[in-house]
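Novice: Here's my sequence, what's the structure:
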Amino acid sequence: MVIHDTVFVIWLLAAGPLWAAIGLFLLPSVNQGRAESEQISITTLQIAGVIGGFALGPVGVGLFYFEPALIRRTTLTAGVAITVFVSSQVLARIVDPNLPSGLWLLLAGPLWAAVAAFILPRQYRAVEANDQNVLTAAALGGFAIGPIIIGLMWKHTPKISRDWMIVLGSLGAWQIYTLFAIHNTTNPCVASPYHITYLTQQTANGVVIGAIYSLMAVGLTLIYSVQGIVSFAHGQLYMVGGYFSFYFLLHGSNILSDITGAEISINPIWGIPVAAIIVFVMGAVFERIFLKPMHEGLIERVSEYAILITFGFGFFIEYTTLAIAGPFPQRTDRFIEIRRFTLQRAQITDDFAFGPINIIGDRAFAMVVGIILIFALLYFLQRTWTGRALRATSQDRQAAAVTGINPTNMNTLSFGMGSMLAAMSGAALIPIFAWVPWVGAEMVGRSYVIVVLGGLGSVPGALLGGVIVGIVEALGAGCHPDPSRGAAYKEAFALVIFALVLLLKPTGLFGREQT
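Specialist: Here you go, the predicted model:
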């Protein structure tokens with residue numbers, strides 16, 4: 001059945017932005033007559049009013065008004081889910097796609113974001129209110145709910161919490177997705193009934209490759225955590241790890257074949273520890289010779305020196321590899337003979353089926369290797385004396401030295417281990433991608449994004465950040481209207497996430513404030 005434009009307008013009046021505005025101003029009065037110990041924070045009530053009104057109109061506002069005990073994280077999450085489901089079902093059947101786009105631009109959108117960002121910070125400063133995060137919340141709120149956010153923040157000048165920005169950002173993202181779906185009905189990410197399968201497939205691809213991204217980023221965050229510097233040679237160490245694995249497998253197989261008289265092939269899994277050992281030694285030697293003087297106070301401009309010396313080290317590695325190996329792409333044999341793992345198709349209803357979901361065998365194997373190595377590193381850092389010494393050095397070098405820890409040795413160990421993890425990541429991916437001497441430049445950019453997203457110095461953050469970046473790239477490339485251009489924009493999608501994190505939480509998901 002086709003739902004006409006009139007029904008869409010009726011839905012906007014029965015729920016949607018109008019009742020979200022009513023709930024926004026009505027729910028804070030819930031605290032009247034309640035004991036101070038029983039009162040709910042104004043911010044929570046305002047968020048509940050927006051979600052309840054937008055999801056169920058007067059029903060949602062009434063439930064939260066007469067039963068404030070229902071205002072919990074679970075019910076608010078359910079309200080967001082109902083909002084997305086109901087409104088998406090309505091919007092997906094609109095006859096004229098220009099109607100919802102026009103209404104959205106009128107009621108919210110970029111213009112209101114610019115107006116709110118211009119007006120509200122000035123109002124906060126005029127009344128001497130706390131203006132932390134006001135600019136970000138104003139821009140997100142104007143984009144998501146238009147003049148409603150201006151009225152709310154102008155009148156109450158509330159303190160902006162992270163929950164505010166999450167709700168407003170999620171609402172804005174949902175609106176963009178819905179408008180995209182309306183105007184691109186044939187796109188595989190929104191075309192019913194198989195878009196759920198396609199989205200799941202792209203998400204699975206992103207998780208798999210994101211785990212490998214994480215392994216490289218973990219090495220970078222380990223170096224930063226202990227030494228306080230960013231290694232600009234990290235991409236080249238990743239690249240050279242793949243080449244060490246390749247040449248070990250090539251020459252090792254040839255030697256064994258000559259000895260036994262039969263053709264013998266070494267599994268690429270053995271190239272990972274070989275690359276790890278060689279690059280660990282490279283990193284440790286480099287740190288002792290070039291970075292140790294920096295920590296001993298022999299260098300005046302430490303930050304500039306660290307940038308230049310690590311950049312020069314990476315430049316040396318890349319062009320030495322180019323001179324020895326040449327510009328020709330290389331790749332090792334497969335890890336396993338299974339080409340793909342498949343989750344079989346399941347017929348849910350007569351009109352809807354889920355699957356199949358395919359994961360390339362070598363990528364799945366590399367993902368498992370990456371996850372095992374990251375958890376091994378976490379165990380090392382949490383459970384061993386040396387790991388605790390690394391963590392102590394990262395938190396307070398002078399206090400660590402007082403307890404008998406040698407910070408100089410910890411510096412060398414951290415740089416060696418960080419380099420080793422980059423090399424192991426490269427050795428895990430060379431059976432999957434064509435390897436050339438400049439392959440590290442693309443990957444190191446992702447690593448910087450992942451480290452900032454997860455939080456500088458946080459190993460769990462690097463793991464989660466890598467998975468997030470992998471999923472965003474896979475979905476961005478897969479959902480782009482032009483698949484060939486979408487693949488070229490993969491890094492741009494990650495940079496969008498990078499920019500949002502800097503706006504919403506500059507310390508990253510697990511980062512700690514610098515004191």
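Novice: what's residue 332 sitting at in phi/psi?
Specialist: phi -90, psi 180 (degrees, to the nearest 10).
Novice: pretty sure residue 142 is touching residue 113, no?
Specialist: Yes - using CB atoms under 8 Å, residue 142 makes contact with residue 113 at a distance of 3.7 Å. Every residue, glycine included, has its C-beta placed from N, CA and C.
Novice: who has more neighbours, the two?
Specialist: The neighbour count for residue 142 versus residue 113, taken as other CB atoms under 10 Å, is higher for residue 142 (29 against 20).
Novice: that's a helix at the more buried one, yeah?
Specialist: Yes - with DSSP: H, G, I helix; E, B strand; the rest coil as the criterion, residue 142 is assigned to a helix.
Novice: neighbours of residue 319, just the number please.
Specialist: Residue 319, neighbours per other CB under 10 Å, totals 13.
Novice: Three-state assignment for it, please.
Specialist: helix.
Novice: next one: residue 264
Specialist: coil.
Novice: tell me which element residue 281 is part of?
Specialist: helix 271-286 (DSSP states H and E).
Novice: Could you check how far that helix is from the centre of its chain?
Specialist: 28 Å (CA atoms, centre = their mean, to the nearest Å).
Novice: Tell me the helices and strands packed up against it.
Specialist: helix 234-260, helix 407-429 (3 or more CB pairs under 8 Å, 6 or more residues apart in numbering; DSSP states H and E).
Novice: now residue 421, nearest residue through space, not along the chain?
Specialist: Using CB to CB, 6 or more residues apart in numbering and skipping residues adjacent in sequence, the residue nearest residue 421 is residue 219, 3.3 Å away.
Novice: pretty sure that neighbour contacts residue 419?
Specialist: Yes - using CB under 8 Å, residue 219 is in contact with residue 419, at 6.7 Å.
Novice: neighbours around residue 406, how many?
Specialist: Neighbours around residue 406, by other CB under 10 Å: 13.
Novice: ok, now how distant is it from residue 274?
Specialist: As judged by CB to CB, to the nearest Å, residue 406 and residue 274 stand 29 Å apart.
Novice: ok, residue 497 - contacts?
Specialist: Contacts for residue 497 were tallied using CB atoms under 8 Å, 6 or more residues apart in numbering; they are 449, 453, 468-469, 472.
Novice: Residue 468 too?
Specialist: Residue 468 touches 210, 453, 497, counting by CB under 8 Å, 6+ apart.
Novice: tell me which element the last one is part of?
Specialist: Right, residue 497. With DSSP H and E as the criterion, residue 497 is inside helix 490-504.
Novice: Quick check: buried residues in that helix?
Specialist: Buried residues in helix 490-504, counting neighbours by 16 or more other CB atoms under 10 Å, are found at 490, 493-494, 497-498, 500-501, 504.
Novice: what do you get for stretch 175-183?
Specialist: Of the residues in stretch 175-183, 175, 178-179, 181-182 count as buried by neighbour count, 16+ other CB under 10 Å.
Novice: picking up where we left off before, can you put the buried residues of helix 490-504 in TSV and add pLDDT and distance to residue 124?
Specialist: Formatted as TSV, the buried residues of helix 490-504 follow (pLDDT from 0 to 100; distance: CB to CB, whole Å):
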residue	pLDDT	distance to residue 124
490	79	38
493	81	33
494	79	32
497	78	28
498	78	27
500	74	22
501	75	23
504	66	18
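Novice: From the residues you listed, pick the one nearest residue 123.
Specialist: residue 504 (21.3 Å; CB to CB).
Novice: contacts for stretch 304-318?
Specialist: 229-237, 239-240, 286, 290-291, 294, 299, 437-438, 440.
Novice: Show me just the buried residues among these.
Specialist: Here, 16+ other CB under 10 Å leaves 229-237, 239-240, 286, 290-291, 294, 299, 437, 440 buried among those.
Novice: same for the strand or helix carrying residue 23, what does it pack against?
Specialist: According to DSSP H and E, residue 23 maps onto helix 16-26. Judged by 3+ CB pairs under 8 Å, 6+ apart, the packing partners of helix 16-26 are helix 42-56, helix 58-66, helix 134-145, helix 147-156.
Novice: who touches that helix?
Specialist: With CB under 8 Å, 6+ apart, helix 16-26 has contacts from 12, 46, 48-54, 57-58, 60-61, 64-65, 87, 107-108, 145-146, 148, 151-152.
Novice: Could you list the low-pLDDT ranges of the protein?
Specialist: 1-17, 31-38, 84-97, 192-195, 345-355, 483, 503-504, 511-515 (pLDDT under 70).
Novice: Grab the longest helix from it for me.
Specialist: helix 195-227 (DSSP state H).
Novice: Enumerate the positions of that one that are buried.
Specialist: 197-199, 201-227.
Novice: Off-centre distance for it?
Specialist: 8 Å.
Novice: same question, stretch 462-476
Specialist: When distances are taken as CA atoms, centre = their mean, stretch 462-476 is centred 5 Å away from the chain's centroid.
Novice: And that stretch, what's buried?
Specialist: Under 16+ other CB under 10 Å, the buried positions of stretch 462-476 are 462-476.
Novice: So which of those residues sit within helices?
Specialist: Using DSSP H, those in helices are 462-476.
Novice: coming back round to it: for the helix holding residue 497, output the C-alpha coordinates as CSV.
Specialist: The C-alpha trace of helix 490-504 is given here as CSV (Å, rounded to 0.1, in the frame of the first residue of the first chain):
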residue,chain,number,x,y,z
LYS,A,490,37.5,5.2,1.8
GLU,A,491,40.1,7.3,3.6
ALA,A,492,37.8,10.3,3.5
PHE,A,493,35.1,8.5,5.4
ALA,A,494,37.6,7.7,8.2
LEU,A,495,38.6,11.4,8.3
VAL,A,496,35.0,12.4,8.8
ILE,A,497,35.0,10.2,11.9
PHE,A,498,38.3,11.7,12.9
ALA,A,499,36.8,15.2,12.7
LEU,A,500,33.7,14.2,14.7
VAL,A,501,35.8,12.8,17.5
LEU,A,502,37.9,15.9,17.7
LEU,A,503,34.6,17.9,18.0
LEU,A,504,32.7,15.7,20.5
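Novice: And for residue 166, the neighbour number?
Specialist: Residue 166 has 14 nearby residues by other CB under 10 Å.
Novice: can you redo the contacts of residue 468 as CSV with distance to residue 190?
Specialist: What follows is those, written out as CSV (distance: CB to CB, whole Å):
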residue, distance to residue 190
210, 23
453, 26
497, 21
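Novice: which one of the residues you listed sits closest to residue 98?
Specialist: Among the contacts of residue 468, and counting by CB to CB, the member closest to residue 98 is residue 497, at 29.9 Å.
Novice: picking up where we left off before, just the angle between the helix holding residue 497 and helix 195-227, please?
Specialist: Between helix 490-504 and helix 195-227, the angle formed by their directions is 60 degrees, by axes from the mean of the first three to the mean of the last three CA atoms, to 10 degrees.
Novice: now helix 490-504, how far from the chain's geometric center?
Specialist: With CA atoms, centre = their mean, you get 8 Å for helix 490-504.
Novice: do the same with stretch 361-372
Specialist: For stretch 361-372, the distance to the chain centre is 19 Å (CA atoms, centre = their mean).
Novice: Same question for stretch 303-311.
Specialist: Worked out by CA atoms, centre = their mean, stretch 303-311 lies 27 Å from the chain centre.
Novice: how about it: buried residues?
Specialist: Result for stretch 303-311 [16+ other CB under 10 Å]: buried residues 305-306, 309-310.
Novice: Give me the subset of the residues you listed lying in helices.
Specialist: Filtering those for helices - DSSP H - leaves 305-306, 309-310.
Novice: Closest one to residue 131 out of those residues, please.
Specialist: residue 306 (34.9 Å).
Novice: measure residue 320 to residue 429 for me?
Specialist: 21 Å.
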